[in-house]
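Asks: my questions concern the predicted model and sequence given below.
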4 protein chains.
Amino acid sequence: MPSAFEYNDHHMRGNTFGKLFSLTSFGESHGTAMGVVIDGLPAGLNVSLDDLQRELDRRAPGKIAGTTSRLEDDKAIILSGVFEGVSLGTPVAVIVNNTNQKSTDYDKLKSEHRPGHADKTTIMKYGVRDHRGGGRSSGRETLSRVVAGYFAGLIIPQVKVRAYVSLLGPFEHTEILKDLYLDLSPYSFPDTSKNDEIKKYLEELKSQGESVGGRVRIIVENSPVGLGEPAFDKLKADFAKALLSIGAVVSFSYGLGEEMALMKGSAVSSYENAFGGMEGGISNGEKMLMTITFKPTSTIGDKAKEGRHDPCIIPRAIPVVEAMVKVVLADHYLRQNAYLVK
Amino acid sequence: MPSAFEYNDHHMRGNTFGKLFSLTSFGESHGTAMGVVIDGLPAGLNVSLDDLQRELDRRAPGKIAGTTSRLEDDKAIILSGVFEGVSLGTPVAVIVNNTNQKSTDYDKLKSEHRPGHADKTTIMKYGVRDHRGGGRSSGRETLSRVVAGYFAGLIIPQVKVRAYVSLLGPFEHTEILKDLYLDLSPYSFPDTSKNDEIKKYLEELKSQGESVGGRVRIIVENSPVGLGEPAFDKLKADFAKALLSIGAVVSFSYGLGEEMALMKGSAVSSYENAFGGMEGGISNGEKMLMTITFKPTSTIGDKAKEGRHDPCIIPRAIPVVEAMVKVVLADHYLRQNAYLVK
Amino acid sequence: MPSAFEYNDHHMRGNTFGKLFSLTSFGESHGTAMGVVIDGLPAGLNVSLDDLQRELDRRAPGKIAGTTSRLEDDKAIILSGVFEGVSLGTPVAVIVNNTNQKSTDYDKLKSEHRPGHADKTTIMKYGVRDHRGGGRSSGRETLSRVVAGYFAGLIIPQVKVRAYVSLLGPFEHTEILKDLYLDLSPYSFPDTSKNDEIKKYLEELKSQGESVGGRVRIIVENSPVGLGEPAFDKLKADFAKALLSIGAVVSFSYGLGEEMALMKGSAVSSYENAFGGMEGGISNGEKMLMTITFKPTSTIGDKAKEGRHDPCIIPRAIPVVEAMVKVVLADHYLRQNAYLVK
Amino acid sequence: MPSAFEYNDHHMRGNTFGKLFSLTSFGESHGTAMGVVIDGLPAGLNVSLDDLQRELDRRAPGKIAGTTSRLEDDKAIILSGVFEGVSLGTPVAVIVNNTNQKSTDYDKLKSEHRPGHADKTTIMKYGVRDHRGGGRSSGRETLSRVVAGYFAGLIIPQVKVRAYVSLLGPFEHTEILKDLYLDLSPYSFPDTSKNDEIKKYLEELKSQGESVGGRVRIIVENSPVGLGEPAFDKLKADFAKALLSIGAVVSFSYGLGEEMALMKGSAVSSYENAFGGMEGGISNGEKMLMTITFKPTSTIGDKAKEGRHDPCIIPRAIPVVEAMVKVVLADHYLRQNAYLVK
């Protein structure tokens, strides 16, 4: 165990994701504002603040009794890069103000290290932290990703990216979603006839101070072929990094995934699209299929019964998941485009 | 579907991995040589060509009847960066010559696109490829990683990284390996009393032209705390990318992994080290635990009965897996060290 | 010559400078705000908003009759990365609002391409631009650099960086400045007894709608040794890039500089510190000396007689020059520190 | 002054240049080989080993009495990235073996720190060095740049880059070179009628153990418009870095350059192309013009009278200068191309 002295003056980075289409994220959950700088958006694209706001609003809580949201205040403000509704080709900076900087007695939180949170490791790393909340490790950091995902989508408008809940407590949907344009609100579960049951289940969890994990599937249709690089930047590798960079995600697989551990080569070859649209790490034009696992949120017990805590954050994470996939695809699309020399 | 014309003149990159400790990989499987440039090795470290060669030799095939190896010719040649057995702080270039450039009739391979390989997507991406073999997508590319892993280990000598087979066909070992220094050759399966049975199983598969997938566990002991960055470069995210960048890997999880999809928060909190040594994406000093899935090799049927094809590449991939984990750790160690300003 | 059509949808990047200490700049001169995200500031450093503001205020115009400034409104707002006056190790975002978005008739500027400005090349590059001002190519972009320079200084507090005017019209100071702590305001010319004459000279230029170029010297004392890398990232190369990235700078030299074109080796070797503190691209602990040339501002004629136009922007550029030098030094300091493995 | 202890275990990097077209250089002058990995060469381009070798041969010494060369042995070996004379889109690795590893008594060089060389700063930085020669700081490192320049030229075949000597001792050519295709060998001085006089001058210098500096002009014709980025990666800034990364270069200017220090705005505006083909840091399609200064080589006295030492290295540096300019242009060309989304 390092001494207090060794904790001093440590530092970090890794706030930028993407090479040609990149987002640089900033902001602590209880600081002045969260924000993101998007670099690499081509000039001349139509930008709609309404559409951007709509994506952010999808992060609102699961509308169950007992949860309240500060999200209604999460208004995107575009500081640069857009003029008269058109992208300038310059960096797009977007901020969302933090409105909950109340004069609470935060002092009692100072030495509290919530298990499963980054509180302890943040101190291990930096020797100092903003004890009023999760800081950079807060879920609010994902605002930057949703904003970036909106802009990424402008680069590859023909590509459809859809994430949905395939497992949430007793609710499971094993088939692959066919129609990627269905409205699955508010829980992103394909069988919307279960919505009332899901609501009840979540309310019960909340009343118990309990949380639950789950599984999300991601489908991509109409991706260009040839995206991804043969060595380290395989498309599957960049998807894995993008999705594991979301706090609550604990596993990633694609195509037949973990099932292949038990399969023989002949069995795999009998499947169509066993590799989820990627061969040799490069998109082959077929439908992409990925699966990720979310852990249950770490906040449980009495604290979880309070205010805005959701017993399952997966429904709110869906737009974040879709955004990260879009960012990877837009970045690789520009990378491939760079070398298409005429 | 893009036309043949659209396929022309495409390009790639992504041959570099790591920020402060980086490897740049080059070489096609049937070109003159495979190689790697390692940048970011501190000066003054003792380098042993013997130790390096020993790591490369671990990539030798699983020693079953019917497989032969060109690996005995895989001799590492250090071109730069080392003088009188000591690292200079300059880039370390290492090459391994390709010795199998025989005057075979490769022409029949020209239009052959092996399913599950990168043959088709390589043409989709570049419009041209070296049809004599897998090119950049060949397993031989992983030589670069094993070389880099050796040098990464010099930076973090106190850290122990161990990968082993936890599932291979009917052979499964569910317990977590306790002693990370055990000799598990040649199959890296913890219960070495099964080695003869495994050998027989693999030989049978080969005689059938069949292949099989499996599962590998990775354990890291004695990692420094505070490695990993809170936003995109979470340690778990960089491990996921590093491991998914290995061709045959199809899933990644850490800690309790996929099991958490079905767990409640209270259940998770009852485990010690449920998050495999990482909280908020940052190492907390506890033992790290990761699990990955390998797909069965795509080459099956008569072709798989020939020469050097292994019915299960996992035992040979073990040093590659360990190498990539070491590279991530060494890189993050230097990144953290950079900001430790006195 | 490309057609109008070919101009469409072009794009840019290059808004980030630095590797371990980096700044990402954003904002158009007539957009909502200018801003910068600084990544790589170690945790635990004391941050003073007053000191930061003081640096920004040094960009105020040269206080001559006929120039007015919107700079009094250039108030730095820290959005993230600092808590209770201490750096968190997280990205520091700072914005400065643009307050001059008046409802002027900007339409007449739409097709006006000022010679020597980026107006024409911006359209060549992007096919679209914010015609209300210089956009990204405006001098206001340098706000981001001054902010970053303040934070860079916190990393290397022992290093003294000083820039001053060595040539401005008829005013020349050829000796090397000895005391780097002298107050040379407002013109940064070492012989402050000339300040009244300089003022008069500048007022005369302005009344004529004329502008003038000049020369700036930069001295660095007490730099750590060993900064800079032997191949491409030589310290002199990174200084050159940093300073040439300032719009009006047209030349860079260090040490004896251009004089060496006419010198023999024996003559050079008779000088002490002929290479301005850098040998083989690496700092040797001696005093660093660099010289840069500024072109006269391109705005001349009637337009230059108006409002805030300065006939010589060099005095205002001095803090920008110092900032870029500090950023390079702080970045290389962290880079060197990264490999100092214990 | 740091103590011997503080010198230990230091390190470096910066061996990669370029973003989308990049070269990673490796090799010490007295190690096994010099080499370079070029990443970002599009697929499908015709590659000629003969043309590549011809570029390398231009680095041969100035053919004056008393200089001998090991350059005749500098044969390029392509290890990867090219198949049947066509680029594969994969990394191109090229090595040149070092053939002068004679069993000389190098021990006397161990503690010798040649003034003006990197010997001292290398020890300051790493605490260890290959004392048999200049190591990474040797002029032999520029082999990597000439190789990369050849491949960069394949990307922008329509662009003509030409460097020539405008000042060498008493020989000066002030006019701008009109015909960029003239054969100016072996001294790259436009007035080739002076070649005999130059030869005699250099021989005299050598017999005196003397060296001399000089000036080189660079002209670029037919560059695409819109290259360069408005903030930090201005084209002029990247040219400055590229050229200052050459060991002996001590100044950079473009367009009217240093003359502008003394000019008024109205005078500058009376020139055509005063800004050397770049406005706002972006190419405008006009002829580019840059000027750099070389210092005299540091090796003087008896040592300079020996073997292969050239009293003026500028003629040999000309292909290096042209190569770096081509690399910058090819890189920016691909960067611009990336965002040209259709």
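Replies: Looks like it came in fine.
Asks: got the residues of the stretch 1-150 of chain A near chain D?
Replies: Along the stretch 1-150 of chain A, the residues adjacent to chain D under the rule Cβ under 8 Å from any Cβ of the partner chain are A:20, A:40, A:42, A:43, A:89, A:90. To be clear about C-beta, it is placed using only N, CA and C from the backbone, and glycine gets the same treatment.
Asks: and chain C, which of those residues contact it?
Replies: Checking the residues of the stretch 1-150 of chain A next to chain D against chain C (Cβ under 8 Å from any Cβ), the matches are A:20, A:40, A:42, A:43, A:89, A:90.
Asks: for the residues of the stretch 1-150 of chain A next to chain D, give me a markdown table that also has distance to residue A:309, pLDDT and neighbour count.
Replies: Putting the residues of the stretch 1-150 of chain A next to chain D into a markdown table (distance: Cβ to Cβ, whole Å; pLDDT from 0 to 100; neighbours: other Cβ atoms under 10 Å in any protein chain shown) gives the following:
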| residue | distance to residue A:309 | pLDDT | neighbour count |
| --- | --- | --- | --- |
| A:20 | 38 | 95 | 24 |
| A:40 | 36 | 96 | 26 |
| A:42 | 40 | 96 | 25 |
| A:43 | 42 | 95 | 25 |
| A:89 | 42 | 95 | 29 |
| A:90 | 39 | 96 | 33 |
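Asks: dump these into TSV; add secondary structure and distance to residue B:24 as well.
Replies: Conversion of these to TSV gives the following (DSSP: H, G, I helix; E, B strand; the rest coil; distance: Cβ to Cβ, whole Å):
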residue	secondary structure	distance to residue B:24
A:20	coil	19
A:40	coil	23
A:42	coil	29
A:43	coil	32
A:89	coil	30
A:90	coil	31
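Asks: wait, which of those residues is closest to chain B?
Replies: Closest approach between the residues of the stretch 1-150 of chain A next to chain D and chain B, by Cβ to the nearest Cβ: residue A:20, at 10.3 Å.
Asks: got the contact list for the closest one?
Replies: Residues near residue A:20 by Cβ atoms under 8 Å, 6 or more residues apart in numbering or on different chains: A:40, A:331, A:334, A:335, A:338, C:13, D:338, D:339.
Asks: what of residue A:227?
Replies: Neighbour list for residue A:227: A:235, A:282, A:283, A:329, A:332, A:333, A:336 [criterion: Cβ under 8 Å, 6+ apart].
Asks: so how many other residues sit close to the residue in the stretch 151-300 of chain A positioned nearest to chain D?
Replies: When scored by Cβ to the nearest Cβ, the stretch 151-300 of chain A has residue A:155 as its residue closest to chain D, at 6.4 Å. Other residues near residue A:155 come to 24 when the count uses other Cβ atoms under 10 Å in any protein chain shown.
Asks: where does the stretch 51-200 of chain A dip in pLDDT?
Replies: When the per-residue scores of the stretch 51-200 of chain A are filtered using pLDDT under 70, the ranges that remain are A:61-63, A:66-72, A:100-109, A:115.
Asks: strands of that one, start to end?
Replies: Under the criterion DSSP state E, counting those that start in this stretch, the stretch 51-200 of chain A contains strands at A:77-78, A:82-83, A:86-87, A:92-97, A:160-168, A:171-172.
Asks: among those strands, which is nearest residue B:323?
Replies: Closest to residue B:323 of the strands of the stretch 51-200 of chain A is strand A:160-168 (Cβ to Cβ; 32.6 Å).
Asks: in that closest one, what counts as buried?
Replies: By 16 or more other Cβ atoms under 10 Å in any protein chain shown, the buried positions in strand A:160-168 come out as A:160, A:161, A:162, A:163, A:164, A:165, A:166, A:167, A:168.
Asks: circling back: wait, which of the strands of the stretch 51-200 of chain A is closest to residue D:248?
Replies: From those, taking Cβ to Cβ, the stretch that ends up closest is strand A:92-97, at 41.8 Å.
Asks: what's the local residue count around the closest residue to chain C within the stretch 101-250 of chain A?
Replies: The stretch 101-250 of chain A approaches chain C most closely through residue A:126 (3.8 Å), counting by Cβ to the nearest Cβ. Burial of residue A:126 is recorded as 27 neighbouring residues (other Cβ under 10 Å).
Asks: now swap in the one 3 residues further on and tell me
Replies: Other residues within reach of residue A:129 by the criterion other Cβ under 10 Å amount to 26.
Asks: do the same with the one 10 residues further on
Replies: Using other Cβ under 10 Å, residue A:139 has 19 other residues around it.
Asks: cool, residue A:322 as well?
Replies: By the criterion of other Cβ under 10 Å, residue A:322 has 26 neighbours.
Asks: what's the pLDDT at it?
Replies: Each residue has a pLDDT score; the one for residue A:322 is 98.
Asks: I'd like the distance between the residue of the stretch 1-150 of chain A found nearest chain D and residue A:21.
Replies: Nearest residue of the stretch 1-150 of chain A to chain D, counting by Cβ to the nearest Cβ: residue A:42, 4.6 Å away. Using Cβ to Cβ, to the nearest Å, residue A:42 is found at 9 Å from residue A:21.
Asks: now do the shared contacts for those two.
Replies: Taking Cβ under 8 Å, 6+ apart as the contact definition, residue A:42 and residue A:21 share the neighbouring residues residue A:155.
Asks: what about the residue in the stretch 101-250 of chain A positioned nearest to chain B, how many neighbours?
Replies: The shortest separation between the stretch 101-250 of chain A and chain B is 2.3 Å, found at residue A:118 (distances taken as Cβ to the nearest Cβ). By other Cβ under 10 Å, 28 other residues sit near residue A:118.
Asks: need the buried ones from the contacts of residue A:227 selected in ChimeraX.
Replies: A single ChimeraX command suffices to select whichever of the contacts of residue A:227 are buried according to 16+ other Cβ under 10 Å:
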select /A:235,282,283,329,332,333,336
